[in-house]
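>>> generate a structure from the sequence data that follows.
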Amino acid sequence: MLNLSKNNPILISSLLQYSTVRNLNNRPYYKTLNKIIIVFSIISLIVLFLPWTQNISGSGVVTTLKPNQRPQTIQSQISGKIEKWYVQEGDFVKKGDTILFISEIKEDYLDPNLVQNTQNQMDAKKMSVQSYDGKVTSLSSQIQAIDSEKKLKLQQAQNKIRQSILKIKSDSIDLIAIRTQVKIATTQFNRSVQLNKEGLKPLTDVEEKRLKLQDVEAKIITQENKLLTSKNELINARVEINRIAAEYNEKTSKARSDQFTALSNQYDTKAQVNKLENQYANYSIRNGMYYIKAPQDGYVNRALQSGIGENIKEGASIVSIMPSNYDIAVETYISPIDLPLISKGENVRVWFDGWPTIVFSGWPDMSYGTFGGKIVAIENFISDNGKYRVLIAPDKEDAKWPKQLGIGAGAQTIALLNNVPIWFELWRSLNGFPPNYYQPKNKSIKEKK
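The predicted model follows:
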């Protein structure tokens, strides 16, 4: 029968003759290792229940808090030729200091006396406006004189009409009186003839009555002619009124036409004056654009244009300036999945490249070389790198940020969320769950109110 057992007593007894094999039975270090494992297990179990601060990490760069404090380029508002540089790279300039002088290259502005000539044209046009104003005033006076004369002429014609009417009445009364005389003379003549036939009146008396009758009859014809003449004068007086009205209306219309023409020329000249004033102001302002000046205090970082005599286009960048006074901030980028978890006013820990730092992301109090910050702005549109931009300002209640930081330096950020046990954070990370949703205390208080 084969002895196939692994615990062959013969083999073991043969190995016990060696001291090395006999020492293996003692194994004193196994007890120490077991104690270490037990202690480590207990410590690990305790550590699993320690508090852990959930956080969102990000990376970014140092920038400025306000847009007007960030590096900027100075552009030329007009095209021109570089004539002289007044600064060099690294120089400190104050607001209004001259950086560069350029000369004109456009043919419309090459005249050195362009501004003075434009002012002379403007002054001449202003004198023309005053001349037209005087002409309009003179024509207004002329129109008033014509109206006054027209009134007097019409009053004179109306008086003549009244005279003609009265004369017609007088001539009519005289005609009636003469007709009465004719009747009386006829009656006297007939009576004289009758008495002559009866022999009571002589023939000479009859002839006297006949002569008197003929004389009265001649007067009646003359008086009728006078009456017709008076009526014709009345008609002529009325025609004269119409003639006077038409004549003076024509004079007034001509004067008003001249006045409107003068007004039209005056308004046209005023428009030309306004245009020349606009050109004069533009030319004066353009003369001030030949000297390119610093918009604020700062340092000349880099000259983007160089040389003397080179042409630059309108809107071309000339130099880059870094403002001397600025409020530092950090812009960082976070993943879209973390965007709902942060809000304005949330506390953030920041550490900078080149600054000695020891970071424990879950235990911010134990970290070294980190600085406090607060979120002041969150961009609502995703950036080109696929993340959202967040702007962080220094926390005034925490330690001040280093003064040695330069704009553009790298920075790392950690946004602090809720406090949870370590075992929960490990479980969340293994399952890929997002951190707990966090809201700042001040925001929750406002919502409750």
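>>> so Arg389 sits in a strand?
Yes. Counting by DSSP: H, G, I helix; E, B strand; the rest coil, Arg389 is part of a strand.
>>> count the neighbours of it for me.
By other Cβ atoms under 10 Å, the residues close to Arg389 number 18. Glycine gets a C-beta too; all of them are placed from N, C-alpha and C.
>>> likewise for Ile102?
For Ile102, using other Cβ under 10 Å, the count is 22.
>>> quickly list what it is bridged to.
Ile82 (DSSP bridges).
>>> check Ile414 too.
Assigned bridge partners for Ile414, using DSSP bridges, are Ser57, Arg349.
>>> quick check: it touching Ser57?
Yes. Using Cβ atoms under 8 Å, Ile414 is in contact with Ser57, at 5.3 Å.
>>> quick one: the helices in the stretch 1-150 of the chain?
9-15, 19-24, 29-48, 114-198 (DSSP state H, counting those that start in this stretch).
>>> relative to helix 114-198, how tilted is whichever helix or strand comes after the last one?
Once helix 114-198 ends, the next helix or strand along the chain (criterion: DSSP states H and E) is helix 203-288. Here helix 203-288 points in a direction 170 degrees away from that of helix 114-198 (axes from the mean of the first three to the mean of the last three Cα atoms, to 10 degrees).
>>> check which helices and strands helix 203-288 sits against.
Counting contacts by 3 or more Cβ pairs under 8 Å, 6 or more residues apart in numbering; DSSP states H and E, helix 203-288 is packed against helix 114-198.
>>> run the chain-centre distance for the helix it packs on.
On the basis of Cα atoms, centre = their mean, to the nearest Å, helix 114-198 sits 64 Å off its chain's mean C-alpha point.
>>> and it, average pLDDT?
Summarised as a single mean, pLDDT over helix 114-198 is 82.
>>> for stretch 227-238, same thing?
83.
>>> now do the buried residues in stretch 407-418.
For stretch 407-418, the neighbour count (16 or more other Cβ atoms under 10 Å) marks 407, 409, 411-418 as buried.
>>> quick one on the thing from earlier: of the helices of the stretch 1-150 of the chain, which stretch is the most buried?
Compared across the helices of the stretch 1-150 of the chain, helix 114-198 shows the largest average neighbour count, a mean of 15 (mean count of other Cβ atoms under 10 Å).
>>> name the helices or strands packed onto it?
Packed against helix 114-198 by the contact rule (3+ Cβ pairs under 8 Å, 6+ apart) you find helix 203-288.
>>> quick one: contacts of the helix or strand that comes right after the helix it packs on?
Once helix 203-288 ends, the next helix or strand along the chain (criterion: DSSP H and E) is strand 291-293. Identification of contacts with strand 291-293 by Cβ atoms under 8 Å, 6 or more residues apart in numbering yields 74, 76, 96-102, 318.
>>> again, 10 Å this time
When contacts are defined by Cβ atoms under 10 Å, 6 or more residues apart in numbering, strand 291-293 is touched by residues 74-78, 80, 82, 84, 86, 93-102, 312, 318-319.
>>> so for it, mean pLDDT?
89.
>>> count the neighbours of the residue nearest to Gly96 when sequence neighbours are not counted for me.
Closest residue to Gly96 apart from its sequence neighbours, by Cβ to Cβ, 6 or more residues apart in numbering: Lys293 at 5.4 Å. For Lys293, the count of nearby residues is 16 (other Cβ under 10 Å).
>>> what's the answer for Arg256, then?
The number of residues packed near Arg256 is 15, by other Cβ under 10 Å.
>>> Ala294 too?
For Ala294, the neighbour count with other Cβ under 10 Å is 20.
>>> list the residues that contact it.
Ala294 neighbours (Cβ under 10 Å, 6+ apart): 74, 87, 91-99, 300, 319, 321.
>>> out of those, which are buried?
For these, buried by 16+ other Cβ under 10 Å: 74, 87, 93, 99, 300, 319, 321.
>>> narrow these to those in strands?
Among the buried ones among the contacts of Ala294, the members found in strands (DSSP state E) are 74, 93, 99, 300, 319, 321.
>>> adding pLDDT and distance to Leu234, write those out as TSV.
Listed next are those as TSV, based on pLDDT from 0 to 100; distance: Cβ to Cβ, whole Å:
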residue	pLDDT	distance to Leu234
Ile74	88	92
Val93	90	97
Ile99	90	94
Val300	89	101
Val319	89	97
Ile321	89	97
